[in-house]
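*Asks:* Sequence and predicted structure below; questions after.
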Amino acid sequence: MSARRLMLAFVLASLGLGACGGDGGGGGDEIPEGQALVVITVNLADGLPAVRQISVAAHNGNLGDVDLYYPTTPGGPIMSGATLGILVPDTTGLLDLVLRGLTASLSDGGMPVARGSGQAMIMPGSRRVERTFLLEACGTSGTSGC
């Protein structure tokens, strides 16, 4: 599945929610017509090793699967409460999301250390959907492996 068809694009968390939606004074960027912004807040469970990249696997039965990474190049540790966003067509429907916290990029030998999953419902005409995910250590609290 091509990322272009699903039209998923990360919005840098450092821009803040205002920059994503234009309503918080962070830059005035508007959500493109026909798109919905899924704002994801990532909370990290206590005791996790430093998470330097988050992998997001997004699935929709009609549009297919896509894997995205935030940030695209791992940097300093991601703090609990960080936000990221993805743009999807506003007719997407149910969007399944699986987030994994990585110690570095997978291509550099990074290991998944945390996982969280959930869904976002994108209704026709939706402009913005907010979801919060708790990433817990792999294999704990019902988190099956990573």
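*Replies:* Nice, thanks for sending it over. The shown structure was predicted, so the numbers you read here are calculated from the model rather than taken from an experiment. Numbers count the residues shown, from 1 in each chain.

*Asks:* contacting residues around Gly81?
*Replies:* 41-43 (Cβ atoms under 8 Å, 6 or more residues apart in numbering). Placement of C-beta: from N, CA and C, glycine included.

*Asks:* So, low pLDDT: which residues of the protein?
*Replies:* For the chain, applying pLDDT under 70 flags the ranges 1-29, 63, 140-144.

*Asks:* and with 90 instead?
*Replies:* For the chain, applying pLDDT under 90 flags the ranges 1-36, 58-76, 86-94, 104-111, 121-128, 138-146.

*Asks:* Helices of that one, start to end?
*Replies:* 3-6, 16-21 (DSSP state H).

*Asks:* that older thread, ranking the contacts of Gly81 by neighbours, who comes first?
*Replies:* Val42 (25 neighbours; other Cβ atoms under 10 Å).

*Asks:* Pull the number of nearby residues for the nearest residue to it once chain neighbours are set aside.
*Replies:* Using Cβ to Cβ, 6 or more residues apart in numbering and skipping residues adjacent in sequence, the residue nearest Val42 is Ala82, 5.2 Å away. Ala82 has 17 neighbouring residues, counting by other Cβ under 10 Å.
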